[in-house]
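1. for reference, the sequence and a predicted model appear below.
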Amino acid sequence: MTKHTDETATYYTATKKYFLNFPQLEQDIDADVVIIGGGFSGIHTALELAEQGVKNIVVLEGRYLGFGGSGRNGGQVMAGIGHDLDNIKHEVGEEGLKTIFELSELGPQIMRERIQKYNIDADFTNGYTYLGFNSRQAKTLKSWEKQFKTMNNRDEIYYLEGKDVQRVIGSEVYGSALVHMGGGHVHSLNLLLGEAKACSEIYGVKIFEHTPAVEVTYGKKITVRTAKGCVKANKMVWACDSFLNKLEPELHKTTINTYAFQLMTEPLSDELINRISPIRGAYSDIRPVIDYYRVTKENRLLFGAATPLVDYIPQDLKEWNRQLMLKVFPYLEHV
């Protein structure tokens with residue numbers, strides 16, 4: 001088993017099940033489709049195209065697969081939209097809302113199907129809970145329950161309030177909860193690498209790591225130049241997220257960086273894990289700047305949060321995140 005020498009040490013890299021190493025691009029090649037970016041967007045797109053019969057697909061990754069947010073996120077699999085549905089309906093209408101909701105519900109469904117189809121070891125666990133602090137958020141969650149059930153009759157969906165909330169989460173700070181068993185959580189890096197393995201071994205997708213795109217030119221064919229080669233393709237997909245690096249100015253100027261950080265506890269006892277999460281699910285509140293967390297297969301608590309300011313990074317990340325965790329779970333003070 002080998003690993004990338006520049007691999008960032010995280011919980012995900014320490015517990016990954018797939019050890020894939022793809023070469024650098026060092027020649028000029030042709031493709032039907034070239035995808036720039038080896039995260040979820042890039043690998044999911046490559047797999048979807050391959051499943052639809054596209055044969056000559058190339059993926060270019062500047063570092064290694066999952067280097068960015070795809071390989072170090074919270075692992076939350078949110079079913080539903082997670083925003084004010086009335087506001088969305090005001091913008092797109094009843095039919096538009098229904099279409100958006102159906103698409104959002106499709107994500108977890110596709111994920112589960114692919115995990116099963118390609119036998120991906122990604123620790124997928126069902127159960128996602130949206131949490132509310134006050135009466136306004138309780139009203140929102142009640143509304144979501146009604147709308148979620150209208151559009152989804154496959155999965156168990158139910159609303160809780162008051163003391164009943166502690167049936168699904170071991171914290172007294174919340175006054176309401178909406179449980180959606182169609183969502184859940186996943187080892188995001190193993191999901192990504194499992195899909196990349198399927199792309200490469202089953203469908204022959206050509207994946208190149210440590211191959212950043214340095215120039216893109218448009219013509220009869222699209223030419224993507226790298227340090228040691230180039231790809232000429234009929235179609236191209238940008239899948240760079242925050243690593244677009246001004247390669248496509250019109251796209252780059254529409255992006256904005258935000259920051260989210262996570263901590264991971266030491267392994268906890270079964271008793272403590274069951275107290276934290278009786279359903280061993282994933283959770284987030286519904287504030288604009290959320291806390292999000294889940295328990296892992298190894299009995300750890302992964303607790304994440306975003307900063308309220310776009311370019312603000314706390315000086316002591318560990319302590320900042322720890323204090324947020326203790327507001328929700330004060331009994332973890334000595335963990």
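-> Received it, and whenever you're ready, just let me know what you need.

2. the closest residue in space to Cys230 that isn't next to it in sequence: what's it in contact with?
-> Among residues not flanking Cys230 along the chain, Asp28 sits closest, at 5.1 Å (CB to CB, 6 or more residues apart in numbering). Bear in mind the C-beta positions are built from the backbone N, C-alpha and C, glycine included. Neighbouring residues of Asp28 by CB atoms under 8 Å, 6 or more residues apart in numbering: Gly229, Cys230, Val231, Lys232.

3. possible to save those as a markdown table with distance to Asp6 and neighbour count?
-> Shown next, in a markdown table, are the contacts of Asp28 (distance: CB to CB, whole Å; neighbours: other CB atoms under 10 Å):
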| residue | distance to Asp6 | neighbour count |
| --- | --- | --- |
| Gly229 | 20 | 16 |
| Cys230 | 24 | 19 |
| Val231 | 23 | 29 |
| Lys232 | 29 | 18 |
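
4. wait, which of the residues you listed is closest to Phe243?
-> In terms of CB to CB, no member of the contacts of Asp28 lies closer to Phe243 than Val231, at 17.6 Å.

5. for the host helix or strand of the closest one, which outside residues touch it?
-> Using DSSP states H and E, Val231 falls within strand 230-238. Contact with strand 230-238 is made by 25, 28-37, 41-42, 45, 58, 60, 216, 221-224, 244, 247-248, 251, as judged by CB under 8 Å, 6+ apart.

6. after the worst-scoring helix or strand of the chain on mean pLDDT comes which helix or strand?
-> Within the chain, no helix or strand scores below helix 249-252, which has a mean of 84 by mean pLDDT, DSSP states H and E. As assigned by DSSP H and E, the chain's next helix or strand after helix 249-252 is strand 260-264.

7. and that following strand, which strands flank it?
-> Here strand 260-264 has these sheet partners by DSSP bridges: strand 301-306 (antiparallel).

8. what residues are up against Val54?
-> By CB under 8 Å, 6+ apart, Val54 lies in contact with Asp32, Val33.
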